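Chemist: 3D model of this:
(one chain, ligands or ions: 2)
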Amino acid sequence: MLGSLQSIHVPMKRFKDDEEVDYAIVGVGSAGGVLLQRLARAGFNVVGLEAGPFWDTERDWVSDEAGSHNLYWTEPRVTGGSDPLALGANNCGKGVGGGSVHWASFTPRLHPSDFEVYTRDGVGVDWPITYDDIKPYYEQLELEMPVAGPAYYSWGHPHGYAYGPHPMGGVGNALIKGCTALDIPVSIGGPVAILSGSHGDRPHCIYRGFCIQGCKVGAKASTLITHVPDALRSGAEIRDFSMVSRIELGKENRVRGVHYIDKHGDPHFQRAKAVIVSGYSIETPRLLLNSACKGYEEGLANSSGVLGHYLMAQAGNVVLGRFDQPVRMYKAPPAHALTEEFYETDPKNDFARGFAIQTVGPLPQAFGKQMLAAKKAWGWGLRREMMDYNHWAAFGLLGEILPWADNRVTISEDKDGFGLPVAHVSFNLHDNDKKLIKAAKEKTMQVMQAAGANEVVQEARYAHLVGGCRMGSDPRRSVVDKFGRTHDIANLFVCDGSVFPTQGSANPGLTIQALAARTADYLISQGDRIFTTNDRDLTAPSIRRELAPPETWGKGVPRLK
Ligand SMILES: Cc1cc2nc3c(=O)[nH]c(=O)nc-3n(C[C@H](O)[C@H](O)[C@H](O)COP(=O)(O)OP(=O)(O)OC[C@H]3O[C@@H](n4cnc5c(N)ncnc54)[C@H](O)[C@@H]3O)c2cc1C
Ligand code: SF4
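Modeler: Ligands and ions are numbered 1, 2, ... in the order given. Coordinates of the predicted model:
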């Protein structure tokens, strides 16, 4: 029943109900998909438990905005704080591939400065790893997706991309025009995880703009098509419609498996020698908090009290400009040009850290909602704006909001359809965040004006949640160590965007997948020790390129080092 890009020609392995697996992975999304593939290829018995469906790209996906809404996690959640986040359609995915199915697939790397924000700028916190620790994994994942972009990318640590940049659509042209007029360098045609040429069985992009509806063509990378087929070929099992409700703590301070509920509402228990939670920045803290038990009354692996705290979202205001000439912003991937010229702390500013400006190409329904928010358009007025859709361009700013303890996930009294307490997400902007957003908004509007827009409006919004289970070296101030192992429990790991200590103003997806590959290398290098001892060995693993999906390493043109 699976689409041609996903077919594996062998039946998926099925572990017996009472069989103990090596690793149970909760959530087969951006991080979970990469982990599952690596661990299966290394010969571990591994099962991925995924709350949503196993998508068949040909059967299930439609080129229709409304019809793609089931790609999102739209279960109930409670939002609060002084600046509540909109939860639902703009957060995480549900189903195999997770958020990588509906991401726009901008794939910039974090900058070296992101890993030492506290040391350099006196704000936030430093990461327990440096840019050099993750660099080989960036290079690796950029080939596994693969990423298209310019031959020389100057921001952060300069590097190039093996696959050539994409041609520009109308929005990209507007960004180039605006930036050029203001003497702001701009990157054209990437970095995006969209094929600019054919690659194996996958065709190149056909520029029809449905990326965040789950590219039916298969030109855009998602772990569903880049890593999951190889995971299954290598002996992994994925159980879809399996909602993990609790992680069970056994003897000797070790977890012994996970409880989950299948699509018929029946409960199951999967025994595992180790558990990895990869459920996204809201669902991962929620599951650990819901797994509170004797000895961990405030949440599993939460002796620090930090679990759920330091949740971050990037400021994601959308600036819309109307042009006399048609722009037709649907005719290209929404992600195709950006500038990171304002990424780093600038001593001339009254705030620390910075922002990026990127193309966004909302389809008509999203555009209608933006006009509603930006211009209070309604009724006939909204209809008139929507009839004018082809004349509008949209840029998005991506602003670094700092990690604050009061931005957090807790457990609400409300329950979901399974009777499980849902997440309460509290979000508050602080002084630095407000100043940064104001400056970023003004700059993005200036660029739109410089591009020639005769009307410029904006909608305030947020994007890309990360944090909540931050990594760090100090067990009193973080939840996991530099490899994603919880400080409290030696065979319980977290591997997804929730481990970010800070977020920069780069889109997080590439870093999430790179960290997953690094965690996998660590687990593989530790072998059975993970299953047999509570002792910790923090020796960094060597990179295992041979475990990448076949035909991905060493392809493309030579890259700049
Ligand atoms: C519209 C949109 C556009 C985006 N564009 C970009 C972009 O251009 N570039 C970029 O880098 N990022 C982008 N992102 C963000 C990116 O998609 C996410 O940061 C990333 O996918 C998060 O990865 P993750 O592994 O943390 O979680 P996910 O990929 O969301 O995976 C989590 C998985 O766990 C499952 N799960 C959760 N709880 C349970 C449970 N209890 N039991 C079983 N399964 C569970 C979920 O169903 C899901 O499949 C975008 C996001 C959105 C919403
Ligand atoms: S624009 Fe390209 S990547 Fe996006 S949905 Fe269409 S074919 Fe896929």
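Chemist: where does the stretch 101-250 of the chain come near ligand 2, residue by residue?
Modeler: The stretch 101-250 of the chain has residues 194, 205-211, 215, 217, 219-220 near ligand 2, with proximity defined as CB under 6 Å from any ligand atom. In this view, the C-beta of every residue, glycine as well, is placed from N, C-alpha and C.
Chemist: redo that, cut-off 5 Å
Modeler: Remark: the part of the stretch 101-250 of the chain in contact with ligand 2 comprises 194, 205-206, 208, 210-211, 215, 217, 219-220, using CB under 5 Å from any ligand atom.
Chemist: which residues touch stretch 134-143?
Modeler: The contact list for stretch 134-143 (CB atoms under 8 Å, 6 or more residues apart in numbering) reads 34, 107, 109-110, 157, 159, 161-162, 191, 510-511, 513-515, 517-518, 543, 545, 548, 552-556, 559.
Chemist: switch to 6 Å and redo it
Modeler: Outside of stretch 134-143, the residues within contact range by CB atoms under 6 Å, 6 or more residues apart in numbering are 109, 513-514, 517-518, 543, 552-553.
Chemist: quick one: buried ones out of those?
Modeler: With neighbours counted using 16 or more other CB atoms under 10 Å, those contain these buried positions: 109, 513-514, 517-518, 552.
Chemist: out of these, which is nearest to G80?
Modeler: The shortest separation between G80 and any of those is 30.7 Å, and it belongs to Q513 (by CB to CB).
Chemist: could you measure from that closest one over to ligand 2?
Modeler: Here Q513 is placed at a distance of 17 Å from ligand 2 (CB to the nearest ligand atom, to the nearest Å).
Chemist: repeat for S30
Modeler: 17 Å.
Chemist: before we move on, the earlier item: going through the residues of the stretch 101-250 of the chain next to ligand 2, which ones are buried?
Modeler: 194, 205, 208, 210-211, 215, 217, 219-220.
Chemist: of those, which belong to strands?
Modeler: In this view, those have no member that belongs to strands under DSSP state E.
Chemist: can you add pLDDT and give these back as CSV?
Modeler: Compiled in CSV, those are given as follows (pLDDT from 0 to 100):
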residue, pLDDT
I194, 96
C205, 94
R208, 89
F210, 91
C211, 93
C215, 91
V217, 89
A219, 93
K220, 94
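Chemist: on contacts alone, who are the packing partners of the longest helix seen in the chain?
Modeler: In the chain, assigned by DSSP state H, the helix with the most residues is helix 431-450. Packing contacts for helix 431-450, counted by 3 or more CB pairs under 6 Å, 6 or more residues apart in numbering; DSSP states H and E, involve helix 170-181, strand 318-322, strand 392-399, strand 455-459.
Chemist: which stretch among those comes nearest L372?
Modeler: Between L372 and the helices and strands packed on helix 431-450, the shortest gap by CB to CB is with strand 455-459, which sits at 8.7 Å.
Chemist: residues in contact with the closest one?
Modeler: Applying CB under 6 Å, 6+ apart, the set of residues contacting strand 455-459 from outside is 317-322, 370, 373-375, 445, 448-449.
Chemist: between these, which sits nearest E237?
Modeler: Looking across the contacts of strand 455-459 and measuring by CB to CB, the closest to E237 is V318, at 40.4 Å.
Chemist: quickly list what that closest one is bridged to.
Modeler: For V318, the beta-bridge partners under DSSP bridges are G396, E459.
Chemist: before we move on, back to that, and which of the residues of the stretch 101-250 of the chain next to ligand 2 is nearest ligand 1?
Modeler: When those are compared for distance to ligand 1 (CB to the nearest ligand atom), C211 comes out closest, at 8.2 Å.
Chemist: can you give me the distance of that closest one to A86?
Modeler: Distance of C211 to A86, computed by CB to CB, to the nearest Å: 20 Å.
Chemist: next, see if stretch 237-255 gets close to ligand 1.
Modeler: Yes: looking at stretch 237-255 against ligand 1 by CB under 5 Å from any ligand atom, the contacts come from 243-244.
Chemist: average model confidence for that stretch?
Modeler: Over the span of stretch 237-255, the pLDDT mean works out to 97.
Chemist: identify each buried residue in that stretch, please.
Modeler: Under the neighbour-count criterion of 16+ other CB under 10 Å, stretch 237-255 has 237-249, 254-255 buried.
Chemist: kindly report the same for stretch 79-87.
Modeler: Buried residues in stretch 79-87, counting neighbours by 16+ other CB under 10 Å, are found at 79, 81, 83, 85, 87.
Chemist: with stretch 464-475 instead?
Modeler: Going by neighbour count (16+ other CB under 10 Å), the buried part of stretch 464-475 is 464-472.
Chemist: run through who's touching that stretch.
Modeler: Residues outside stretch 464-475 that contact it (CB under 6 Å, 6+ apart) are 91, 128, 281, 284-285, 308, 310-314, 403, 409, 478-480, 482, 487, 494, 497-501, 503, 508.
Chemist: gap between the lowest-mean-pLDDT helix or strand in the chain and the chain center?
Modeler: Of all the helices and strands that make up the chain, the one with the lowest confidence by mean pLDDT, DSSP states H and E is helix 57-60; it has a mean of 83. A distance of 22 Å separates the centroid of the chain from that of helix 57-60, by CA atoms, centre = their mean, to the nearest Å.
Chemist: how about stretch 282-295?
Modeler: 21 Å.
Chemist: how about stretch 533-540?
Modeler: The chain centre lies 28 Å from the centre of stretch 533-540; the measure is CA atoms, centre = their mean.
Chemist: which residues of this protein score low on pLDDT?
Modeler: Applying pLDDT under 70 to the chain flags residues 1-8, 553-561.
Chemist: for it, which segments count as helices?
Modeler: Taking DSSP H, the helices of the chain run over residues 30-41, 57-60, 99-102, 117-121, 131-144, 170-181, 223-226, 228-233, 283-290, 364-375, 379-387, 431-450, 509-526, 529-532.
Chemist: since that was my last question, I'll sign off now.
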